[in-house]
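Peer 1: Next input, structure requested:
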Amino acid sequence: MKNQLKKYSLSLFSFLLTMFFSAAAFAQDGGLDIDVNIGKEEWYQQPWAWIVGGAIFVLILVALLRKRK
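Peer 2: Got it, this is the predicted structure:
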């Protein structure tokens, strides 16, 4: 009987502790105000910058790897 009472009291304590932590976490939720500005793009996010950069990279690779006879 004593062992069973100890088991139930531990379960009740665990339940109450879990409920307390849940309430504490819920109370800290301040509501987020996230402003995502999709219209502003930096130069490195533009497709033309990647195309020009890739073309220059390929030209440098060809110039360096070309064998002269």
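Peer 1: what mean pLDDT would you report for the helix or strand containing Ser14?
Peer 2: Using DSSP states H and E, Ser14 maps to helix 2-27. Average pLDDT, helix 2-27: 87.
Peer 1: Stretch 33-49 too?
Peer 2: The model assigns stretch 33-49 a mean pLDDT of 81.
Peer 1: Need the distance between the two termini of that stretch.
Peer 2: 32 Å (C-alpha to C-alpha, to the nearest Å).
Peer 1: Please renumber the chain so that the first residue is 54 from this point on.
Peer 2: Let's use 54 as the start, then, which means that last one is stretch 86-102.
Peer 1: Residues contacting that stretch, please?
Peer 2: Trp103 (C-beta atoms under 8 Å, 6 or more residues apart in numbering). (Glycine included, C-beta is placed from N, CA and C.)
Peer 1: How far does that stretch sit from its chain's centre?
Peer 2: On the basis of C-alpha atoms, centre = their mean, to the nearest Å, stretch 86-102 sits 18 Å off its chain's mean C-alpha point.
Peer 1: What does Val89 show for phi and psi?
Peer 2: Dihedral pair for Val89: phi -100, psi 120, per degrees, to the nearest 10.
Peer 1: How many residues are close by it?
Peer 2: Val89: 5 surrounding residues under other C-beta atoms under 10 Å.
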